[in-house]
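Asker: Dropping a prediction and its sequence here:
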Amino acid sequence: MSNKILLEHIDKPGIKSYEVYRQNRGYNSVEKALREMKPTDIVEEVKKSGLRGRGGAGFPTGMKWSFIDKKSGNPRYLVCNADESEPGTFKDRYLMEFIPHLLIEGMITSCIALESNLGFIYIRGEYKWVKKILEQAIAEARAAGWLGHNILGTGYSLDLIVHPGAGAYICGEETALLESLEGKRGNPRMKPPFPAVKGLYGNPTVVNNVETIASVPWIINNGGDAYSKIGIGRSTGTKLISACGNINNPGVYEIELGLPVDEFLNSEEYCGGIKDGKMLKAVVAGGSSVPILPAELFYKTKKNEPRLMSYESLSDGGFESGTMLGSGGFIVYDEDQCIVRNTWNFSRFYHHESCGQCSPCREGTGWMEKVLHNLESGHGKMSDIDLLWDIQKKIDGNTICPLGDAAAWPVASAIRHFREEFEWHVDHAHEAQKRNYGLLKSTKEYFSAIAV
Amino acid sequence: MKVTIDNIEIDVEPGTTIMNAARKVGGDIVPPAMCYYTSLKGSGGKCRACLVKVAQGSTADPRPMPKLVASCCTNVQEGMVVQNITSPEVMETRKGIVEFLLINHPLDCPVCDQAGECDLQNFAFDHGRQQTRYDFERRTFDVINIGEDIKLHMTRCILCYRCTMVADQLTDGREHGILWRGDKSEISTYIQKAVENDFSGNMIDVCPVGALTDKHFRFRNRVWFLNPMDAHRDCKKCSGKVVLWMRGEEIFRVTGRKDQYNELKEFICNDCRFENYDTKNWIVDGPREIANESVINANHYEEGTKPLPKELYSKLNNEKWENV
């Protein structure tokens, strides 16, 4: 594919090292940003590019940067959120592990834009080896004069610190991340105030995802307008998708936003179709938190248009018939997979990761997990399905941070689209118990009914 | 700033929270608070009991807020329209919150010292459902001694974080905090280190449930049998203004003075709280006023309840005599 931005040089041997990266026009954007541009110009370019946050929420990055309080005179910080823990998402690790200098370059240019003199990379604790790679990259960049005092003789100083998390999913939430970075318990903060006003140590802070920051050098080198021409509508640029599940070629792919989902799933260039020639049952398009979509809703939107890999198209129809692009964790389920078991598995994760600060999430996630476990193992009652629906409704939107929503949405969408499967687990308790598996026999009938 | 809460308009200072604006009006429209505590910095927003609907953000931006907001930590805006008890959505959510708080609560009110003055009990009475839908095993913890005066029943705790804030803000040295996460979170005096400090006793008063109890008072009496009396003494450490909980001449316990929202106006020291059980040490100011609906009020069941209908009364009496 021609439009590769982040992974353009990924196949060059030795791109991990500073020398090879520099030979491939690496760190050019830092030179351009420091010598030819004012910080406000950089923010303007990023605004023009239409770059949206790649961590999941899709908030316009340029706008986020322009919110930062530069007047107060307090130090400003850029924090890179590398606490990638969403089940099904592994794009940031790929980027940091194989082309670490891209992130470092992005951090430097972004810090210049924000007029910040200290940047943090908060990396997931489990990515121990990636932390070492990043630290080495920082040391190389410092030795080459891209970091430290008086960079390129312009009087601008910058330092970067890599800080590991301690294994909590909640620390991927930006305010919990800041608490954790300050050395406190990783509980999300109340918003407002937003981090752009009062963030790390009470100072204005911008928190961005790894992929977002890694996209900035290209925008500076080629201009925001060039970036905004890639993609479709308000979904500009490219996105890393980490594809996994029952597909032939799992892995990380860079796609231009607006690629039809059919092409992404079935072409040899990307996922390569469903494994073993089976049929598609469902897709989780953006990491475990987003609603699951059954096959027929996944390929076509409600208006009967082909669905595209873009923020707008995937969320078309709201949660009734759509989902979200999220963080790009693309999980594919073939006809043999059990949705109840999968929902239970997700619920178990959110129960385990809830921070316990606010009551709906603390108590509700555990309750949902237990009810789902009963259903999955053949001890469920019909009333449990309605109970689950009620619990998720009481959690959704009533918590401090989005973890509550993230725990509620998979359950809600599974019941919305696969209610008969839950009912099957109640009606065929013995069978469900025996093989702990889903609607094996009737899946084929189910799919022959929906096949057009 | 003019705000409208449940169709009542009120003028408040900028920077007031919705909760405090509602408290200024008073009455039914005050959202319940399980974790918010006026005098503790950073409290609130955790229990979600006080969620309200903002039907109009402000005059400048009249859009409604997309989600329910925690009234204890959302500031009012000019022209804001808030719905609390007039919104069915809020009432439904509140029902859910009680249910969430109760699924892991032991419901051991009959043996709990807090019964009668328990925020959770009142909250559940107002918004709870009659039967539980939770049929799994509840989480339990061992009882922990926090120093010589306080006992912690973690099983009853609703994790409001108030006591950790007392420990952080009133006492020095951080030995008290939260361990683990999710529904396994546990209030802990850091690896069983006792909290010994002049003001640690206030943790008992700020606790909305019976998780932190006064060891000197445990199981000695029910609060509604006691007469609360305002009293004071000269104290070098605190204001010395307390409430004595007496039965006859005997002082059963000493607490700070709580207002109508069960919040302490002034924190008192441990000397006043735990060391002075002799009436000679106190100057009694008079009976303490307690909210009408509280069972403590008047400390007599007979006065608080309506007389039974006559037929029923005689029937009950007859049955009683027949059984004898």
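Answerer: Received the coordinates, thanks.
Asker: How about whichever residue of the stretch 201-350 of chain A sits closest to chain B, nearest residue that isn't a chain neighbour?
Answerer: Among residues of the stretch 201-350 of chain A, the one nearest chain B by CB to the nearest CB turns out to be residue A:350. It sits 9.0 Å away. Using the backbone N, CA and C atoms, a C-beta is placed for each residue, glycine as well. If you skip the residues right next to it in sequence, residue A:350 has residue A:407 as its closest partner in space, 3.6 Å away by CB to CB, 6 or more residues apart in numbering or on different chains.
Asker: same deal with residue A:264?
Answerer: With CB to CB, 6+ apart as the criterion, residue A:264 has its nearest non-adjacent residue at 4.9 Å, and that residue is residue A:270.
Asker: just residue A:349 next, same as before
Answerer: With sequence-adjacent residues excluded and distances taken as CB to CB, 6+ apart, residue A:349 is closest to residue A:87, at 6.0 Å.
Asker: Correct me if wrong: the one you found contacts residue A:326.
Answerer: No: using CB atoms under 8 Å as the test, residue A:87 is too far from residue A:326 to be in contact (11.3 Å).
Asker: Look at the two and report which has more neighbours.
Answerer: Using other CB atoms under 10 Å in any protein chain shown, the more surrounded residue of residue A:87 and residue A:326 is residue A:326, with 27 against 18.
Asker: Would it be right to say that the more buried one lies in a strand?
Answerer: No: applying DSSP: H, G, I helix; E, B strand; the rest coil, one finds residue A:326 to be coil, outside a strand.
Asker: That one and residue A:283 touch, don't they?
Answerer: No: with the criterion set as CB under 8 Å, residue A:326 and residue A:283 do not qualify as a contacting pair; they are 11.9 Å apart.
Asker: What's the nearest residue in the stretch 51-200 of chain A when you look at chain B?
Answerer: The shortest separation between the stretch 51-200 of chain A and chain B is 4.7 Å, found at residue A:190 (distances taken as CB to the nearest CB).
Asker: Could you check how far that residue is from residue B:35?
Answerer: When CB to CB, to the nearest Å is applied, the distance between residue A:190 and residue B:35 equals 12 Å.
Asker: any shared contact partners between the two?
Answerer: Common neighbours of residue A:190 and residue B:35, using CB atoms under 8 Å, 6 or more residues apart in numbering or on different chains, are B:44, B:45.
Asker: what residues are up against residue A:366?
Answerer: Taking CB under 8 Å, 6+ apart as the contact definition, residue A:366 lies against A:351, A:354, B:182, B:183.
Asker: Phi, psi for it please.
Answerer: Its backbone dihedrals place residue A:366 at phi -70, psi -40, with angles given as degrees, to the nearest 10.
Asker: Apart from its neighbours in sequence, what residue is nearest residue A:136?
Answerer: Of all residues apart from its sequence neighbours, residue A:100 sits closest to residue A:136 (CB to CB, 6+ apart), at 7.7 Å.
Asker: what are the ranges of the strands in the stretch 51-200 of chain A?
Answerer: If you assign secondary structure with DSSP state E, counting those that start in this stretch, the strands in the stretch 51-200 of chain A sit at A:77-82, A:118-123, A:148-151, A:156-164.
Asker: Which among these is found nearest to residue A:288?
Answerer: For residue A:288, the closest of those is strand A:77-82, at 17.2 Å, according to CB to CB.
Asker: Nice, that's everything, thank you.
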